[in-house]
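Novice: Provide a 3D model corresponding to the input given below.
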Amino acid sequence: MKLTDFVVRKAIIPNLKAASKEDVIREMVAGLKNTGTIKAEDEEAVVAAILKREELGSTGIGNGVAVPHTKHPAAEELVATVAISRDGVDFSSLDGEDVFILFLLVSPPDRPGDHLRGLENISRHLRSQDFCNFLKQSTTEKDIWDLLSEADISDGEES
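Specialist: Sure, this is the predicted structure:
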């Protein structure tokens, strides 16, 4: 499974406007809605499901990164978006630091394997300081997409 298999290119947000955890999640889910990946009538339910997941424990994993996610029937397949915050967002991260890089995932409840593979793939790349630095420096959707594509290539023939 490659990043470009499930990240929705047109939903990428290179310059996140939101400044709070809830607003970030809303802006990212709206990006998926605006691409038609999630239906408008499901938008609030998906936001609520992600916020409920955040109550269990922050998905701010440290090192300026958060990976909010949920399983929800609004998703027909694993979908994700990427957002970059220039100013940083308080995400109640494990290390107490602000978040600058966010990957948001939504997957169908009946496909837990896809959900886990997506999270694992993202987490593996986010462990690379170079990958994170290049993401933070990306200023356009194309820059971010190109970086994701390069990361997929460096993974080799993984599926």
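Novice: and the lowest-mean-pLDDT helix or strand in the chain, which residues are buried?
Specialist: Least confident element among the helices and strands of the chain, by mean pLDDT, DSSP states H and E: strand 60-62 (a mean of 90). Applying a neighbour-count criterion of 16 or more other C-beta atoms under 10 Å, one finds Gly60, Ile61 buried in strand 60-62. Glycine gets a C-beta too; all of them are placed from N, C-alpha and C.
Novice: Please apply the same query to stretch 147-156.
Specialist: Buried-residue list, stretch 147-156, by 16+ other C-beta under 10 Å: Leu147, Leu148, Ala151, Asp152.
Novice: then stretch 63-75 to CSV, C-alphas only?
Specialist: Output of stretch 63-75 as CSV, limited to C-alpha atoms (Å, rounded to 0.1, in the frame of the first residue of the first chain):
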residue,chain,number,x,y,z
ASN,A,63,8.0,15.5,16.8
GLY,A,64,5.4,18.1,15.4
VAL,A,65,3.2,15.4,14.0
ALA,A,66,-0.4,14.3,14.4
VAL,A,67,-2.4,11.5,12.7
PRO,A,68,-6.1,11.9,13.6
HIS,A,69,-8.1,9.0,12.3
THR,A,70,-11.3,7.1,12.6
LYS,A,71,-13.3,4.2,11.1
HIS,A,72,-16.6,5.4,9.7
PRO,A,73,-19.2,4.1,7.2
ALA,A,74,-19.0,7.4,5.3
ALA,A,75,-15.7,6.1,3.8
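Novice: contacting residues around Thr70?
Specialist: For Thr70, the contact set (C-beta atoms under 8 Å, 6 or more residues apart in numbering) comprises Val46, Ala49, Ile50, Lys52, Arg53, Leu105, Val106, Ser107.
Novice: Just give me the residue closest to the centre of the protein.
Specialist: Phe103 (1.6 Å; C-alpha atoms, centre = their mean).
Novice: what's the helix or strand for it?
Specialist: In this structure, Phe103 sits in strand 99-107 according to DSSP states H and E.
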